[in-house]
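Enquirer: Requesting a structural model of the entry that follows:
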Amino acid sequence: MHRAYQPILPCGNKYLQQKWDKAVYEEHRKKIQAAKPVVDTSSPPTYGHLLLKLKKLKLQNDRLSVIERDNQLLLEKMSYIMRTKGRIDNTNNYEAKSLNRRNREQELLRMTKENHAILDRITNCKPHYKIQKWEEDWQKAEEYKNSIARYPRGSCRLQNQKKQKYTKKTRDKQKTKQLKDGCPTEKPEGKEMKDTTDEHQNENQGGKV
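Expert: Below is the predicted model of the structure:
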């Protein structure tokens, strides 16, 4: 194998030159693998005292212990007071007083009297308008309308009722006739209405003549 090796520089012994070049190459590879970066890109170190915060925990525990001690003392005092009558008489016989209470009561009494008087005037007041007279005037006005009317009042309503009855009868007759003949075809509703109205108008004109 050393005979096939071609060194870069001329040498007297190819075997020794290959051995030396291989040693240099292996040393170079070891240096590359053990090389360290010039810039430190690793994460900063984490310190336990920053994460745990023992001082804060100690202060919190001290505060909780003080609160617990105060609550215990307060509970003991309250239980002692409940068991005994206590040292202080805390009864209070003071009556609430007001400087203008009498004036306010008099004002309220006056307002109630005035309200009752207004209510009595409203309930005992007699009406100025007479409903019976309005009814009589309306009846007279209706009589005047009936007397001056050219045609009797209410004839238009009666005429419309007769018209509706007549159209209903004609429809019933046409339906029965179609059922007898066996042809279910019907005329358009608009045309039928037009025929019935024309017949009715002719009858009215004949009656007027």
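Enquirer: Low-confidence stretches in the protein?
Expert: Scanning the chain with the threshold set as pLDDT under 70 gives 1-2, 86-90, 182-209.
Enquirer: Now do whichever strand or helix holds Thr123: everything it contacts.
Expert: Using DSSP states H and E, Thr123 maps to helix 101-124. Outside helix 101-124, the residues that touch it by CB atoms under 8 Å, 6 or more residues apart in numbering are Ser98. Placement of C-beta: from N, CA and C, glycine included.
Enquirer: 10 Å instead, please
Expert: Ser98, Asn100 (CB atoms under 10 Å, 6 or more residues apart in numbering).
Enquirer: Surely Tyr5 and Lys14 touch.
Expert: Yes - counting by CB atoms under 10 Å, Tyr5 does reach Lys14; the two are 5.4 Å apart.
Enquirer: quick one on the thing from earlier: need the next SSE after the helix holding Thr123, C-terminal direction.
Expert: Trace forward from helix 101-124 with DSSP H and E and the next one is helix 131-148.
Enquirer: where along the chain do the helices fall?
Expert: Using DSSP state H, the helices of the chain run over residues 14-33, 48-52, 54-83, 101-124, 131-148, 155-181, 189-208.
Enquirer: export the ones you listed to CSV and tack on mean neighbour count and distance to Asn92?
Expert: Below are these laid out as CSV (neighbours: other CB atoms under 10 Å; distance: least, CB to CB, whole Å):
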stretch, mean neighbour count, distance to Asn92
helix 14-33, 12, 92
helix 48-52, 8, 55
helix 54-83, 10, 18
helix 101-124, 10, 20
helix 131-148, 10, 66
helix 155-181, 12, 85
helix 189-208, 11, 93
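Enquirer: Quick one: those helices as CSV, columns for distance to Asp40 too.
Expert: Formatted as CSV, the helices of the chain follow (distance: least, CB to CB, whole Å):
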stretch, distance to Asp40
helix 14-33, 19
helix 48-52, 20
helix 54-83, 30
helix 101-124, 86
helix 131-148, 109
helix 155-181, 106
helix 189-208, 100
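Enquirer: closest to Thr41 out of those helices?
Expert: helix 14-33 (18.1 Å; CB to CB).
Enquirer: Name the surrounding residues that touch the closest one.
Expert: So helix 14-33 is contacted by Met1, His2, Arg3, Ala4, Tyr5, Gln6, Pro7, Ile8, Leu9, Pro10, Cys11, Asn13 (CB under 10 Å, 6+ apart).
Enquirer: Kindly recompute the last result at 7 Å.
Expert: For helix 14-33, contacts defined as CB atoms under 7 Å, 6 or more residues apart in numbering pick out His2, Arg3, Tyr5, Pro7, Cys11.
Enquirer: Reformat these as CSV; add neighbour count and distance to Lys175.
Expert: Shown next, in CSV, are the contacts of helix 14-33 (neighbours: other CB atoms under 10 Å; distance: CB to CB, whole Å):
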residue, neighbour count, distance to Lys175
His2, 11, 127
Arg3, 7, 128
Tyr5, 14, 124
Pro7, 12, 126
Cys11, 14, 131
